[in-house]
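Student: have a look at this prediction, sequence included:
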Amino acid sequence: MPALQRLLPEFPDIKVEIVIDYGLTDIVAERLDAGIRRGETVAQGMISVPIGAPLRMTVFGSPAYFAGREKPAKPQDLTAHSCIDLRLPTRGGLYAWEFGTARRQLRVRVEGQLVFNSTALILAAATAGLGLGYLTEQQVRPHLQDGRLVRVLADWCEPFPGHHLYYPSRRQQTPAFSLFVEALRHEG
């Protein structure tokens, strides 16, 4: 929002509409000017502008969840745990947890009693001791810092490209849109 705080007062005629959709929306078909996605999910043929720092995933659980349980030491150990799954709206399936080191990449299909399509519900359920969650470090950081959650498998969670603004390379951009892209570029 800092980019909007700087841009809008200076250019009161600019109008911005923000639509939040957790699916992989086709911005061309939906006639949207731009979208924001994690860097690795931007479609080919789009101009991509980094607008945030790299991200890092985090596996976490509450101290109550770990009471009497051994913490996982490697991703394969997750099979002995109740994991909270995320259902992706566009892909329809459950999100495979991704892990990696300099030498090895893994995608682990986890199981548990709970499946949500909301990261807020995953965070709440894990905080309540109902299983292990998997979200970005940014989403979980306050809960880790105050001890409500405990991080595990940190060595297996490598940083990856953060959020990118993307838009079609063939469409002529308005001056207002160009100003918006520049403001976001300087924020990231």
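Tutor: All right, it came through fine. If you're wondering where the values come from, they're calculated on a predicted model, not measured in any experiment.
Student: for residue 77, what are phi and psi?
Tutor: phi -70, psi -10 (degrees, to the nearest 10).
Student: need the contact list for the spatially most central residue of the chain.
Tutor: In the chain, the residue lying closest to the centroid (C-alpha atoms, centre = their mean) is residue 136, at 5.8 Å. Neighbouring residues of residue 136 by C-beta atoms under 8 Å, 6 or more residues apart in numbering: 55-58. All C-beta spots, glycine's among them, are computed from the backbone N, C-alpha and C.
Student: quick check: beta-bridge partners of it?
Tutor: Note on residue 136: beta-bridge partners by DSSP bridges are residue 57.
Student: that one and residue 38: what is the separation?
Tutor: Distance, residue 136 to residue 38, using C-beta to C-beta, to the nearest Å: 9 Å.
Student: what do the two both touch?
Tutor: Shared contacts of residue 136 and residue 38, counting by C-beta under 8 Å, 6+ apart, come down to residue 55.
Student: which phi and psi does residue 118 have?
Tutor: According to degrees, to the nearest 10, residue 118 has phi -130, psi 130.
Student: what's around it, how many residues?
Tutor: Residue 118 has 11 neighbours, counted by other C-beta atoms under 10 Å.
Student: also residue 167?
Tutor: Around residue 167 there are 20 residues (other C-beta under 10 Å).
Student: for the helix or strand hosting residue 178, packing partners?
Tutor: Using DSSP states H and E, residue 178 maps to helix 175-187. Packing contacts for helix 175-187, counted by 3 or more C-beta pairs under 8 Å, 6 or more residues apart in numbering; DSSP states H and E, involve helix 2-10, strand 46-50, strand 163-168.
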